[in-house]
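Chemist: Here's a sequence, model it:
(2 chains)
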Amino acid sequence: MDLSLLIIQALNGVQLGLLLFLVASGLTLVFGILDFVNLAHGSLYMLGAFICASLTFLFGNFLWAVLVALPLTGGIGYLVERFVARPLYARNHLDHVLGTFGLILVLDTLAHLIWGPAGIAVPLPHWLDGQIALTETLVIPSFRLLIIGAGLTAAAGLFWLVNYTRLGMLIRAGASNRTMVAALGIDIQTLFALVFALGAMLAGLAGMLIAPITEASIGMGNSIIITAFVVIIVGGIGSMKGAFIAAILIGLIDTMGRSFLDDIFKLAMSPEAAETSAPAVSAMLIYIIMALVLALRPQGLFPPRTR
Amino acid sequence: MSFLTRRGWISAVVMALLAVLPPVFFLTGNAFYLDLATRLSILAIAAVSLNLILGYGGLVSFGHAAFVGLGAYAVGIPAHHWLYGGLDFLATTSGFVQVPLAVAVTALFALITGAVCLRTKGVYFIMITMAFAQMIYYLIVSIEEYGGDDGLVIDTRSELPLIDLDNPLQLFGLAYVSLLVAMLLVRMITRSRFGMVLQGAKGNEERMVTLGFNIYAYRLTAYVISGAMCGYAGALLGNFTTFISPEMMDWSRSGELMFMVILGGAATTLGPVLGAIAFIVVEEILSSFTIYWHLPFGLMLMGVVLFARGGLMGLLRGRREDGE
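Modeler: Numbering: from 1, shown residues only, chains lettered A, B, ... in the order given. Now for the predicted structure:
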């Protein structure tokens, strides 16, 4: 395997990891603070992509579309919190899962009604549509660099928000002791709604960033949500740091596995056996990693300090 | 509980109707309803087996569709090789090989994944069972020999003595009798010492541990039994649809199975069956009106979760049993 391919795949892995982090951070935030399992988080990712697609056609500009779509997905997140999540907080996780499973059916079908069954491709402005040649053999689509940049910026912003602002302080306090925060006179309902909307915006942003590459489609949220679950399980549910590290790790392992596993297998077995087994194993790779992590550390790599 | 209770009577009536009505419809020229009842019975077996760990064990498994799918592929793959060659040791159309294979493979999968999943609790357990199911989904998608995404057509149904699975009436009979056996089996298990420990661990885990029970082993056993029963249901489903695809193990299928259990009433003998009946009937009615039937269906699901606790069996419960 040559070096430039390795670098390109590594960048692709980081890009996938950052997108996973954007989805997983919302999940882990909502779970850590609200103790709420939101299966429909992937639908917010999907809605982000669709809304951004429509706005791109409306404005004729992808970046403006993202800027307007972000508060819109946040608003949808707020509505979901108000009408679906809030009545379920006091219930057990089984009810959370079933209720938000119903919500997925509703949101997916609404997307089907509004945008039709086919996916929508999102056109990029010219200056983002090109490629950047780092060396003679190393060419990277500039949009992928933008995704990495945007993902890192969002991650950094989130860390700043959670660790260095008053809102972040309340969020961390809410995660460790909800009742005490409420007793200190903080409007916990509003805080919860804000956290939910923030998570929705992050998932929506991931959907907007991936849409120009894969296009916006109905089922897109339902496949990433499971990978996001793997991320937060590996990282430790409720831990932002764990989610970030695990997301990059899973992104890299998945991408690298798909591109290089057959080469690695060829070192140990016949080429035919490697060619047939590599796709199967690489499809299962992140789940095997997850099982290994759990076998060694059932609470994940970076479990949050308990309440 | 004798058959004198209200629930007992309802169970007897529902199961009798399910036995009699579909063949009557079939013989009067409405073959469609027999097909519906066959699918319903098979899914009800899966729901009954899920109920063992979800209802009685309190373990929220969100990956049971994987067992159904694996069971179906345990029928499809030997049949595929029997027709197209390759892997001679596996190639067969005999039900005596395929069905035990389905049960064995799913039991093994349940043993391996259960051993990992049961180390965790609560929401971790939900997500991990989901993730392992998705792993099998992607595994099947990645194997081109068996059709990958496009699925696999089962050209020949399992061959069994006395029963001809190509005959829809006999296939229904097998599914129905299997459902009865599954219900009785789960009922027997839950009334045994084993089942009592399982339910005790659901109610108060610490107490059961203090009493000296190895909860992990009990739960793992229940998980394996449940998975194997689901695998059996999958083998029947493969024979019924004669077309299998990874879509069968999509996590929304697992969610539907869970919904059947909750809708009907978890930890009851008839509940999962009632849930399956309600689910299939509503699905049929709604999908005949509009292709957007998932919208009212999802709203209904949310409504059931928000407002109807205890499921259908909770509504049907007689006054005499309120104390239980």
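Chemist: Excluding sequence neighbours, find me the nearest residue to B:G148.
Modeler: B:V141 (5.4 Å; C-beta to C-beta, 6 or more residues apart in numbering or on different chains). Where you see a C-beta, it was placed from the backbone N, CA and C, and this is true even at glycine.
Chemist: Quick check: the gap between that neighbour and B:P23.
Modeler: B:V141 sits 38 Å away from B:P23, going by C-beta to C-beta, to the nearest Å.
Chemist: of these two, who's got more company?
Modeler: B:V141 (21 against 17; other C-beta atoms under 10 Å in any protein chain shown).
Chemist: and the more buried one, which of the three is it?
Modeler: helix (DSSP: H, G, I helix; E, B strand; the rest coil).
Chemist: For the stretch 201-307 of chain A, which residues are neighbours of chain B?
Modeler: Contact residues (C-beta under 8 Å from any C-beta of the partner chain) of the stretch 201-307 of chain A with chain B: A:222, A:226, A:229-230, A:232-233, A:237, A:279-280, A:282-284, A:287-288, A:290-291, A:294-295, A:298.
Chemist: If any of these are buried, put those into a PyMOL selection.
Modeler: Buried subset of those, written as a PyMOL selection, criterion 16 or more other C-beta atoms under 10 Å in any protein chain shown:
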select buried, chain A and resi 222+226+229+230+232+233+237+279+280+282+283+284+287+290+291+294+298
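Chemist: So which of the residues of the stretch 201-307 of chain A next to chain B sit within helices?
Modeler: A:222, A:226, A:229-230, A:232-233, A:279-280, A:282-284, A:287-288, A:290-291, A:294-295 (DSSP state H).
Chemist: before we move on, back to that, so for the residue nearest to B:G148, what's the pLDDT?
Modeler: We have a pLDDT of 88 for B:V141.
Chemist: Enumerate every residue touching it.
Modeler: The contact partners of B:V141, taken as C-beta atoms under 8 Å, 6 or more residues apart in numbering or on different chains, are A:283, B:148-149, B:246.
Chemist: If we only consider those, which is nearest to B:V105?
Modeler: B:P246 (15.8 Å; C-beta to C-beta).
Chemist: my read: the closest one touches B:D149, true?
Modeler: Yes. With contacts counted by C-beta atoms under 8 Å, B:P246 reaches B:D149, the gap being 6.5 Å.
Chemist: Which one's more surrounded, the two?
Modeler: Higher neighbour count among B:P246 and B:D149: B:P246, with 23 against 11, using other C-beta under 10 Å.
Chemist: Strands of chain B, residue ranges please.
Modeler: All strands of chain B, identified by DSSP state E, fall at B:152-153, B:243-244.
Chemist: Pairing partners for the first one, with directions?
Modeler: Right, strand B:152-153. Taking DSSP bridges as the criterion, strand B:152-153 forms sheet pairs with strand B:243-244 (antiparallel).
Chemist: What lies in contact with the partner strand?
Modeler: B:69, B:72-73, B:75-76, B:151-154, B:237-238.
Chemist: go on, stretch A:66-86?
Modeler: Against stretch A:66-86 from outside (C-beta under 8 Å, 6+ apart): A:34, A:36, A:38, A:40, A:44, A:47-48, A:51-52, A:55, A:59, A:99-100, A:103, A:189, A:192-193, A:196-201, A:203-205, A:207-208, B:302.
Chemist: Pull out the buried residues from these.
Modeler: With burial judged by 16+ other C-beta under 10 Å, the buried subset of those is A:34, A:36, A:38, A:40, A:44, A:47-48, A:51-52, A:55, A:99-100, A:103, A:192-193, A:196-201, A:203-205, A:207-208, B:302.
Chemist: my read: B:D35 touches B:A175, true?
Modeler: No. B:D35 is beyond contact range of B:A175, at 10.8 Å (criterion: C-beta under 8 Å).
Chemist: Between those two, which is the more surrounded one?
Modeler: The neighbour count for B:D35 versus B:A175, taken as other C-beta under 10 Å, is higher for B:A175 (25 against 18).
Chemist: residues contacting that one?
Modeler: B:A175 neighbours (C-beta under 8 Å, 6+ apart): B:38, B:41-42, B:45, B:236, B:240.
Chemist: List the ones among those residues that fall in helices.
Modeler: Of the contacts of B:A175, the ones assigned to helices by DSSP H are B:38, B:41-42, B:45, B:236, B:240.
Chemist: and which of the residues you listed is nearest to B:L306?
Modeler: Nearest to B:L306 out of these is B:I45 (C-beta to C-beta; 28.6 Å).
Chemist: So what would you say the end-to-end distance of stretch B:59-70 is?
Modeler: Start-to-end span of stretch B:59-70 (C-alpha to C-alpha, to the nearest Å) is 21 Å.
Chemist: Is chain A within reach of that stretch?
Modeler: Yes. Interface with chain A: stretch B:59-70 contributes B:60, B:62 (C-beta under 8 Å from any C-beta).
Chemist: Quick one: low-confidence residue ranges for the chain.
Modeler: Using chain A here. A:1, A:305-307 (pLDDT under 70).
Chemist: hmm, I had chain B in mind actually
Modeler: Residues of chain B that meet the cut-off, pLDDT under 70, sit at B:1-4, B:309-310, B:316-324.
Chemist: Sketch out the helices for it, chain order is fine.
Modeler: Applying DSSP H to chain B gives helices spanning B:6-27, B:31-51, B:64-84, B:95-117, B:122-142, B:168-191, B:193-203, B:205-210, B:215-241, B:251-264, B:271-289, B:294-307, B:311-316.
Chemist: among those, which is nearest A:L152?
Modeler: helix B:122-142 (26.3 Å).
Chemist: Okay, angle between the closest one and helix B:215-241 too, please.
Modeler: 40 degrees (axes from the mean of the first three to the mean of the last three C-alpha atoms, to 10 degrees).
Chemist: Could you report the neighbour count for B:V24?
Modeler: B:V24, neighbours per other C-beta under 10 Å, totals 11.
Chemist: actually B:G271, not the one I wrote
Modeler: A total of 28 residues lie near B:G271 under the criterion other C-beta under 10 Å.
Chemist: Contacts only, for the nearest residue to it once chain neighbours are set aside.
Modeler: Residue nearest to B:G271 in three dimensions, not counting chain neighbours: B:G265, with 3.3 Å by C-beta to C-beta, 6+ apart. Contacts for B:G265 (C-beta under 8 Å, 6+ apart) come out as B:271, B:274-275, B:310-314.
Chemist: and what of B:L312?
Modeler: B:263-265, B:271, B:274-275, B:278.
Chemist: likewise B:M302?
Modeler: So B:M302 contacts A:84, A:99, A:102-103, A:106 (C-beta under 8 Å, 6+ apart).
Chemist: Which residue ranges of chain A form strands?
Modeler: Assigned by DSSP E, the strands in chain A fall at A:131-133, A:139-141.
Chemist: buried stuff in the first one?
Modeler: Along strand A:131-133, no position meets the burial threshold by neighbour count (16+ other C-beta under 10 Å).
Chemist: Show the secondary-structure elements that that strand is packed against.
Modeler: Where contact means 3 or more C-beta pairs under 8 Å, 6 or more residues apart in numbering or on different chains; DSSP states H and E, strand A:131-133 is packed against strand A:139-141, helix A:142-164.
Chemist: Counting by contacts, list what the longest one packs against.
Modeler: This means helix A:142-164. Using 3+ C-beta pairs under 8 Å, 6+ apart, helix A:142-164 is in contact with helix A:3-34, helix A:126-129, strand A:131-133, helix A:166-176, helix A:188-214, helix A:240-268.
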